[in-house]
Structure formats: structure tokens, C-alpha cells
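1. 3D model of this:
(one chain, ligands or ions: 1)
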Amino acid sequence: MTLENEINKHTIPQHIAIIMDGNGRWANLRGKTRLVGHQEGASSVDAIVTAAAELKIKFLTLYAFSTENWNRPPTEVSGLMELLVNALQKYTKKLVANNVRLLTIGDTKSLPKKTQEKLNETLEKTKHNTGLTLVLALSYSSRWEITEAFKKLAHDCCNNSISVDSITQETISKYLCTHDIPDPDLLIRTSGEYRISNFLLWQIAYAELYFSDVLWPDFKKEHLLEAIKDYQKRERRFGKTGEQIK
Ligand code: FPP
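-> Okay, here's the model as predicted:
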């Protein structure tokens, strides 16, 4: 039986989020520059987006560039921005053909103009697609997102658009970048690191966590299937007892 046949098609997670880690180490092991590692990482993005669309996953969120990544050496930052532009150039047609809709979360206004323009082009071209929604987290961090949400909410309270006593958890969710996106069911981190690194902290309250030792440039469809298979063995109790959810 192939790995794909071992997956229960009825309990596929509707939203998978991935912390793509290990590009630098992958390159280092091969005596290549970090940027080569990121280029190979972009091929894994293609492979995983294609696989997720085939598996009829509804949402895939990829941590492509964090707020903290701005502190990397300037050549790596500009290389990553260029890589993103090239990847959008190369894969937009495929996204359209595969009925994938692109969304972004994060402070995208801080990205270089060229990157913003390319992103906007792809957002526009894919906006009516109804299959997989691919969410790219760009210049994103949870604490940035939550701070922005607090600011907006405080403004809305001050100008009486909302009353303090009416604030619920749902209100807060609506003020986050992910307002129209369901919370992740499964969070994957590659490269054998066991951290969340400021990613979707509010949204992963009940996500299942899966850590893979595979470096991101080597992470392909079979590894995604392994993660889904593992997820399907878990009992999601959302604070209830095992008996209650049976
Ligand atoms: C983490 O590896 C990866 C990143 C900071 C960037 C992710 C970018 C890509 C996968 C490529 C392009 C993305 C798209 C959407 C086309 P690391 O550099 O921290 O690896 P290390 O921990 O081994 O140094």
C-alpha cells in the first residue's frame, strides 16, 4: 500500500501551517551558499503546494519571511526578496491552473516595491480561485500581528465603533491578519527544531504539532503525507475528555 492510500481522505486537515526551516543547513552541508539553500527551498514550496492542492487541503500557510528575518545579512534579505519575485514569475501560471488562491499575512507594505508589485499581480490573478488557499506569511510575526490588532481595537473603542464589554475571542480573531482563515489543524516544523518562533501564536491554540527532522529543501510530498498520517492518529479533544468526543 502506498503512503497516499494509507491516508484517510475524509479526515484530511483543512488547514496546515508550516515553519519551513533548514535551508541554510542544507546548503552548508553541501558547501553551497545559503541562497542556494533558499532556492532549493523554493522547489519544496512548489512540491508542497502542488501536493496540498491534489490532496484537497483547503488552506496552507507557509512562514516565508518573519519580522525577525529583516535582521539577517542584507545580501540574504535581498536574495530572498529576489527569489520571491522569481518564484511568483515562475509559478503564477501553475497556481492559476491548479485553482490555487494566494493570500498574504504580515507587514507586506515593508517589502521592496518590486516584490509588492509581483505579489499584487499574483493576488489579483488568483483571487477567484476556489481550490487551495495558499497563505504566505511575509514580514510576519505573531507579536507584530497582535500589537497591530490591539492598536486597531483600541482606536475602535476610542471612537465608539465597538464597546469594551462587547469584546469576545471572536472579536480578537477578526482583528488579526487571519480574520477570514480558519485556525490551523496541523502545524509542521522542519529541520529538527522544536520552536514556534513567533508564528500564529493565537491561531494554533488547538493545532496538532508535528516536528520533522527533514531539512526544508528535502521536504516533499511523501513527508507531508507522513505528517498527515501522524495527525490522523491523534485524538483531538479540545479540552474535553476522550469519552466525550467519541
Ligand atoms: C528558514 O531556513 C527559511 C527561511 C527563513 C526562508 C524561507 C524561504 C523559502 C523556503 C524560499 C522561498 C519561499 C517562497 C515562498 C518562494 P533557514 O535559513 O533559517 O535555515 P537554517 O536554520 O538551516 O539556517
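2. got a list of what residue 187 touches?
-> 16, 17, 18, 19, 196, 199, 200, 204, 207, 208, 209, 210 (C-beta atoms under 8 Å, 6 or more residues apart in numbering). Just so you know, the C-beta spots here come from the backbone N, C-alpha and C atoms, and that holds for glycine as well.
3. I'd assumed it was in a helix, is it?
-> No. The assignment for residue 187 is strand, going by DSSP: H, G, I helix; E, B strand; the rest coil, so no helix is present there.
4. that older thread, mind checking which of the contacts of residue 187 are buried?
-> For these, a burial check counting by 16 or more other C-beta atoms under 10 Å picks out 16, 17, 18, 19, 196, 199, 200, 204, 207, 208, 210.
5. residue 192 contacts residue 219, correct?
-> No. Contact criterion C-beta atoms under 8 Å: residue 192 and residue 219 do not qualify, at 11.8 Å.
6. which residues do those two both contact?
-> residue 212.
7. compare those two (neighbour count), which wins?
-> Using other C-beta atoms under 10 Å, the more surrounded residue of residue 192 and residue 219 is residue 219, with 26 against 13.
8. and that one, what does it touch?
-> Contacts of residue 219 by C-beta under 8 Å, 6+ apart are 20, 44, 48, 190, 212.
9. and stretch 153-164, what's buried?
-> 153, 162.
10. quick one: stretch 96-108 to chain centroid distance?
-> The chain centre lies 11 Å from the centre of stretch 96-108; the measure is C-alpha atoms, centre = their mean, to the nearest Å.
11. can you tell if it touches the ligand?
-> No. On the criterion C-beta under 6 Å from any ligand atom, stretch 96-108 is out of touch with the ligand, staying 10.1 Å away.
12. extract the C-alpha trace of that stretch and format it as PDB.
-> Taking Å, rounded to 0.1, in the frame of the first residue of the first chain, the C-alpha atoms of stretch 96-108 are listed here in PDB:
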ATOM      1  CA  VAL A  96      -3.900  29.600 -11.700                       C
ATOM      2  CA  ALA A  97      -4.000  26.200 -13.500                       C
ATOM      3  CA  ASN A  98      -4.300  24.400 -10.100                       C
ATOM      4  CA  ASN A  99      -7.100  26.700  -8.900                       C
ATOM      5  CA  VAL A 100      -4.900  28.000  -6.000                       C
ATOM      6  CA  ARG A 101      -5.800  31.300  -4.500                       C
ATOM      7  CA  LEU A 102      -2.900  33.300  -3.000                       C
ATOM      8  CA  LEU A 103      -3.300  35.400   0.200                       C
ATOM      9  CA  THR A 104      -0.600  37.100   2.300                       C
ATOM     10  CA  ILE A 105      -0.400  37.800   6.000                       C
ATOM     11  CA  GLY A 106       2.200  40.200   7.500                       C
ATOM     12  CA  ASP A 107       3.500  43.700   7.100                       C
ATOM     13  CA  THR A 108       3.700  43.400   3.300                       C
END
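13. got a list of contacts for that stretch?
-> For stretch 96-108, with C-beta under 8 Å, 6+ apart as the criterion, the contacting residues are 49-50, 53, 61, 65, 67, 95, 116, 119, 122-123, 125-141, 144-145, 177-178, 181.
14. can you select the buried ones from the residues you listed in ChimeraX?
-> With 16+ other C-beta under 10 Å as the criterion, this ChimeraX line picks the buried residues out of those:
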select :49,50,53,61,65,67,95,116,119,122,123,125,126,129,131,132,133,134,135,136,137,138,139,140,141,144,145,177,178,181
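15. return the subset of the contacts of stretch 96-108 lying in helices.
-> The helices, defined by DSSP state H, take in 49, 50, 53, 95, 116, 119, 122, 123, 125, 126, 144, 145 from the contacts of stretch 96-108.
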